[in-house]
Each structure stands twice: as C-alpha cells, then as structure tokens.
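Novice: generate coordinates for the sequence data below:
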Amino acid sequence: MNLSDFQAGRYEQRYEYKAFLPELICHEWLISDPELMDMLGKADRALGELNAFSQLIPDIDFFIQMYVAKEATQSSRIEGTQTNIEDAFKGADDLKPEERDDWTEVQNYIRAIRFAIDSLQTLPLSVRLLKQTHAELMQGVRGEHKLPGEFRSSQNWIGVSLKHAVFVPPHHEHVPELMGDLEKFLHAEHFFVHPLLRIAIAHYQFETIHPFLDGNGRLGRLMISLYLASEGLLTKPALYLSDYFERHKTAYVDHLMAVRNGNHMREWLVFFLFGVEETARASAAVFRAIIDLKQRIEREVLPRFSTRRQDNAQNLVRQLYGQPIIDIKWVAQTLDVSTNTAAALINDLVSYGVLAELTEQRRNRLFAFEEYLKLFH
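Specialist: All right, here's what the predicted structure looks like:
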C-alpha cells in the first residue's frame with residue numbers, strides 16, 4: 001500500500017458511544033516521499049553515531065542505568081507523576097510521604113524496563129513479552145487491580161468519561177486480533193519497511209489499540225526502545241523518546257489523533273523521525289560530555305588520594321555513574337568498607353567538588369554527583 005493511500009480505520013457504533021476500529025497494519029508500505037526519506041536517512045545516521053558511542057564507552061551499563069531512570073521519570077511525567085531523576089535514585093525513606101506513590105510508579109517502571117531488556121536475550125519482542133512487562137509495570141501500584149499482564153476485557157477511553165472521551169479505542173473483542181497483527185508486522189520479512197518507520201507505525205497502532213486498562217502510554221513508549229535493541233539498531237538500549245514526547249506533549253497527542261481522524265500518517269512519521277534524530281544526537285552529546293567528565297576526574301581528582309586509598313576511591317567514582325545519589329551506608333555496603341572509611345571517602349569527594357551534600361542534617365545525609373546528574377536534565 002502506498003503511504004498516500006493510507007486509511008486509519010473507522011468508528012464503530014457501540015451502545016451509546018462510538019469506538020475507533022483501526023485498520024490492520026501488517027502489509028507492505030510503499031513510501032516514495034523525498035522529504036520523508038531524507039529525514040529517515042538523517043535519523044538513521046544519528047542512531048548509528050549513538051550506537052558507535054555506546055560500544056566505545058567502558059562501563060556503558062552504568063550509564064544505561066541513567067537513561068533508564070530518565071526514561072522512567074519522563075515517561076511517568078507524561079502520565080502525571082512528579083518524580084524527578086534525582087528522586088529516582090533515593091530510597092523511600094528519603095522522600096516525603098506524599099511523594100512515595102509517584103516514586104513507587106517510577107521504581108516499577110525502572111524494574112519493568114530492566115526486566116524487558118533482560119528478557120530480550122531469550123524472547124523476541126512479542127505480545128507475550130509486552131504482557132509480561134505490563135505485569136511488572138503494574139505490580140503493587142495504583143493500577144495493580146487493572147488486569148496486570150492481561151489484555152483488557154472491557155472498554156477503556158482517554159478523557160474524563162466514556163461519554164465525553166477525547167478518544168475511544170476499539171472494543172475489547174478486537175484487541176487480540178489487532179495485537180496479533182501488530183506483532184506480525186514487527187517481524188514480517190516478506191516485505192521491507194525500514195525499522196524506524198516500522199516502529200513508528202507500530203507505536204501509533206499500539207497507542208490506538210490501547211490494549212491494556214492502564215499503562216498503555218508507558219509500555220508503548222518503552223516498546224520503541226525494545227524494538228531498536230531487538231533489531232540490532234542499538235547494541236545497548238540508549239535511546240528513549242519520552243523526553244522528546246514530554247517536551248512536545250501537545251504535538252505528540254495531536255499527531256496521533258490526526259492519524260486516526262484524518263489519515264495523516266506522513267505527518268506522524270515526520271514528527272517521529274525528527275524526534276529520533278534529535279534524541280540520538282543529544283544522547284551522543286551526553287556521552288561525549290560523560291567521557292570528558294570521566295577523564296577530568298581521573299586526571300585531576302583520583303591522583304589526590306593516597307596509594308592505600310586509591311582502589312576504594314576509583315571503585316566509588318566508578319559506581320557513581322550508575323548510582324549518583326548516595327549515603328554513607330550505601331558506600332560502606334557497596335565497597336565492603338567500614339562506616340568511617342566510607343564517610344572519609346565521601347568527605348574527600350565533597351572537598352574535591354565531585355559530590356555535593358543534598359541534606360543539611362547530622363544523620364541520613366545524602367550526597368549527589370551533581371555535575372553528572374546535570375548532563376541528564
């Protein structure tokens with residue numbers, strides 16, 4: 001099918017409301033639009049540059065933890081939570097009681113992302129994997145009673161009520177067929193669609209199907225990163241679009257609705273590809289800045305520690321790239337050193353400007369690797 005001939009679907013009359021029934025997407029997509037193909041090339045090159053960085057940086061998994069935390073906070077913010085990336089690295093006891101529900105949702109999302117990434121080693125990106133990830137996402141939070149890990153068996157909607165909904169997804173009886181078609185589309189080898197276009201179309205379709213009672217937005221955005229990793233476009237899952245979608249939230253929602261109501265798939269693809277290019281270039285710039293920061297600390301800070309303390313200092317700084325908010329107890333346990341040794345190491349890193357104290361209290365003091373954290377804002 002030529003992209004210019006795309007028809008999104010139709011509204012189906014149900015009892016007292018109309019639900020949108022999207023067309024199946026597992027078919028050939030012919031795209032000859034020069035501007036769109038140019039944007040695809042730019043996004044592809046930016047993604048390749050980011051992938052090269054992710055393979056060159058030592059201890060890359062520490063930095064991936066930061067991207068996972070940022071994705072979890074930004075994706076959850078789109079859904080209305082207020083947790084920031086610093087809070088994501090704190091313990092529940094370090095937060096005010098009114099902040100803990102949002103924090104728990106973000107922690108669940110971090111766990112769900114890690115679960116999904118690990119699962120890709122043994123499972124393809126599939127309906128089965130999405131269901132299992134959804135179960136992790138919904139565990140023990142405000143959506144835990146909304147069929148975690150199972151497709152919805154009732155109608156859902158986007159808006160204040162079904163009667164006054166902004167959008168009503170397809171009736172639940174259609175969900176298994178539509179999701180089966182989406183899975184086939186992601187892996188179909190009998191026709192060629194560039195992976196970036198394929199996941200852009202699949203993301204639109206997933207959000208339109210809205211297969212679960214809750215958590216569709218977060219899972220649909222995570223699906224993008226999982227697909228890029230599963231297809232080998234990224235060796236490490238270092239690209240997350242939630243920050244781009246959150247900064248352009250109105251445009252994001254409007255583009256999805258414009259596809260449904262006006263068949264404007266081309267405009268959605270342009271918006272998506274621009275986001276991939278922008279995000280990939282920004283992520284590569286962050287990697288460059290991390291390398292500079294790491295080299296400066298190794299050159300100017302670590303030599304100031306005595307030979308006897310060098311191993312502990314190096315180990316602590318290395319750990320900071322994956323856990324940039326710390327306390328004395330965490331350092332003592334992580335490095336297997338005494339409380340006094342941990343406190344001395346932290347105090348030295350504060351005096352050298354690597355760490356900054358977040359709390360002004362005698363007990364339960366928290367310290368932040370602030371310069372590093374700023375790179376992810």
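Novice: for the closest residue in space to His172 that isn't next to it in sequence, give me its contacts.
Specialist: Closest residue to His172 in three dimensions, ignoring its sequence neighbours and counting by CB to CB, 6 or more residues apart in numbering: Arg152, at 5.1 Å. Glycine gets a C-beta too; all of them are placed from N, C-alpha and C. Counting by CB atoms under 8 Å, 6 or more residues apart in numbering, Arg152 touches His172, Val175, His210, Pro211, Phe212, Leu213.
Novice: regarding this structure, what is its longest helix?
Specialist: Taking DSSP state H as the criterion, the chain has its longest helix at helix 265-300.
Novice: can you pull out the helices in the stretch 201-350 of the chain?
Specialist: Ranges of helices in the stretch 201-350 of the chain, per DSSP state H, counting those that start in this stretch, are 216-230, 242-247, 249-262, 265-300, 310-320, 328-335, 339-351.
Novice: that older thread, what's the closest of the contacts of Arg152 to Asn340?
Specialist: Phe212 (50.0 Å; CB to CB).
Novice: poorly predicted segments of the stretch 51-200 of the chain, please.
Specialist: Residue ranges of the stretch 51-200 of the chain with pLDDT under 70: 141-144.
Novice: so where do the strands sit in it?
Specialist: For the stretch 51-200 of the chain, strands defined by DSSP state E, counting those that start in this stretch occupy the ranges 158-159, 165-167.
Novice: what residues are up against Arg45?
Specialist: Contacts of Arg45 by CB under 8 Å, 6+ apart: none found.
Novice: what's the angle between the helix or strand that contains it and helix 216-230?
Specialist: Assigned by DSSP states H and E, Arg45 belongs to helix 34-56. Angle of helix 34-56 versus helix 216-230, following axes from the mean of the first three to the mean of the last three CA atoms, to 10 degrees, is 70 degrees.
Novice: quick one, what contacts the residue sitting nearest the centre point of the chain?
Specialist: Using CA atoms, centre = their mean, the residue of the chain that lies closest to the mean C-alpha position is Glu71, 3.5 Å off. The contact partners of Glu71, taken as CB under 8 Å, 6+ apart, are Tyr109, Ile113, Arg221, Leu222, Ser225, Tyr240, Ser242, Asp243.
Novice: picking that back up, pull out the buried residues from the helix holding Arg45.
Specialist: Leu36, Met39, Leu40, Lys42, Ala43, Asp44, Ala46, Leu47, Leu50, Asn51, Phe53, Ser54 (16 or more other CB atoms under 10 Å).
Novice: next: stretch 150-161.
Specialist: Neighbour count says stretch 150-161 has Phe151, Arg152, Gln155, Asn156, Trp157, Ile158 buried, by 16+ other CB under 10 Å.
Novice: all good on my end, thank you.
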